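Peer 1: Next one to model:
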Amino acid sequence: MKRFTITGGYFLWLLLLALAVNAQESPVWLSNVPPGRLRKEVSTYGMHRLCTMKRHRGRGGPIRVIQWVRRGISVEHAAYLSLPDSLDKQTFVFSPKNKRVKSKILNIKGKSVVEYVDNAEGYWNVYLVIKQLSGDTLYVNIAKAELLSHSCRNGHPNVRKAVLPRIFPEKIPFEIVRERHINENFHFFIASGDKFTYKPMYQGKPVAGIPIVLSTEKGWVNRKMTNRKGEATFQFIQDYFSKWSEIRGRKIYSYMIFSEFTKEQTGTFRGKNYRYVHYVTSMSDGYFPSRTMYQSMVWGLIIFIISLVIISIGVFVYRERRKKPYKEYIFDENENK
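Peer 2: Below is the predicted model:
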């Protein structure tokens, strides 16, 4: 009995250790979507609906953008985290002008968010870096979000340059970059059916031969390995099907993409030595349902209008051709005499 207890305790310890390691390796990511029960506590801003702290009526002030901290591969079921004070964590937020701005971690009813003040047009790069030591391995989890802030009343100056991706290897050792399409602007949104190339970058250089995983809110997961150039191309599948009457053309769905690799690298963390560093990096964004779904509706409406016009013209011509010319006949009583 004693032997069984010791054996059971040993296996329980291994299970807990495995769960702890798995939790450290599981990607942490930043979400623009609040938990369902807290949606009334926040509001949205701009055409990209950035999640913001709710401002009371009649009170102005700066726009405080927030991103919710989550963990897990499944976008739909990933947990919203409450980061303890004892955890080694740091935030980095870079403005569209590449300047680091003030940011902090807040708790909203038990859930952690990264907050910063939005005061400029363009892409904001938001990062959360978490470090944990387990055995001889330092786990570095880097969550990234590219948040596009835009209001049309501010115009569209230098759009091509403003949408280019940026990296910050002096602060962020490992991150994912999405290559831009040639037609991108401040109104851009990924849509189902689009193809995009992603590159995990370590110290500013692409990393070849490592896994990269794309996960969408609709439950689609695609795993690939980066090629010799250190990149992988994904096509967002058509994962939204509905009746025309139920189509929500402006509904934004979330996706998350992450990559990881282990590097032999010695150092000291909180007074303890490590031999390896395991990097996990993520990036999250939103996408629309396929544009072809709405284009088909437009073409259907155009065809209907053209058909209606042709039918109306046909009916008019037919009725015109059926008309007989009017002939006046004057009856003369003496005509037959």
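
Peer 1: Only C-alpha atoms from now on, for both contacts and neighbour counts.
Peer 2: Noted.

Peer 1: where exactly do the helices run in the stretch 151-300 of the chain?
Peer 2: 159-162, 291-322 (DSSP state H, counting those that start in this stretch).

Peer 1: So which residue is smack in the middle of this protein?
Peer 2: Using CA atoms, centre = their mean, the residue of the chain that lies closest to the mean C-alpha position is residue 285, 1.5 Å off.

Peer 1: separation between it and residue 219?
Peer 2: For residue 285, the distance to residue 219 under the criterion CA to CA, to the nearest Å works out to 15 Å.

Peer 1: One more: residue 198?
Peer 2: Plainly put, residue 198 is 20 Å away from residue 219 if you go by CA to CA.

Peer 1: Those two: who's more crowded?
Peer 2: Neighbours per residue, other CA atoms under 10 Å: of residue 198 and residue 219, the larger number sits with residue 198, 21 against 13.

Peer 1: Does the more buried one touch residue 232 like I think?
Peer 2: Yes: with contacts defined as CA atoms under 8 Å, residue 198 counts as touching residue 232 at a distance of 5.5 Å.

Peer 1: Tell me, how many residues neighbour residue 282?
Peer 2: Residue 282 has 28 neighbouring residues, counting by other CA under 10 Å.

Peer 1: quick one: contacts for it?
Peer 2: Applying CA atoms under 8 Å, 6 or more residues apart in numbering, one finds that residue 282 lies in contact with 27, 28, 29, 142, 143, 144, 175, 176, 256, 257, 258, 259.

Peer 1: ok, now with 6 Å
Peer 2: Taking CA atoms under 6 Å, 6 or more residues apart in numbering as the definition of contact, the neighbours of residue 282 are 29, 143, 144, 257, 258.

Peer 1: For it, give its distance to residue 26.
Peer 2: Residue 282 is 10 Å from residue 26, where distance means CA to CA.

Peer 1: now, among the contacts of residue 282, which is nearest to residue 305?
Peer 2: When the contacts of residue 282 are ranked by distance to residue 305 (CA to CA), residue 257 comes first, at 43.1 Å.

Peer 1: Where does the prediction get shaky in this protein?
Peer 2: Across the chain, the ranges flagged by pLDDT under 70 are 1-25, 56-60, 151-158, 238-250, 290-302, 304, 322-337.

Peer 1: now do 80
Peer 2: Low-confidence segments of the chain, defined by pLDDT under 80, span residues 1-25, 46-48, 54-61, 150-162, 183, 186-193, 237-251, 288-305, 307-309, 314-337.

Peer 1: show me where the stretch 151-300 of the chain has strands.
Peer 2: Taking DSSP state E, counting those that start in this stretch, the strands of the stretch 151-300 of the chain run over residues 174-178, 190-191, 195-202, 205-206, 211-216, 221-225, 232-235, 253-269, 272-288.

Peer 1: quick one: contacts for the residue nearest to the centre of the chain?
Peer 2: The contact partners of residue 285, by CA under 6 Å, 6+ apart, come to 254, 255.

Peer 1: hey, what's it bridged with?
Peer 2: Residues in a beta bridge with residue 285, per DSSP bridges, are residue 255.

Peer 1: any idea how far residue 165 is from it?
Peer 2: Residue 285 is 14 Å from residue 165, where distance means CA to CA.

Peer 1: Check the burial of residue 73 by counting its neighbours.
Peer 2: Going by other CA under 10 Å, the residues that sit close to residue 73 add up to 23.

Peer 1: ok, now the one 3 residues further on?
Peer 2: Counted with other CA under 10 Å, residues neighbouring residue 76 total 14.

Peer 1: SS state for it?
Peer 2: Secondary structure state of residue 76, per DSSP: H, G, I helix; E, B strand; the rest coil, is coil.
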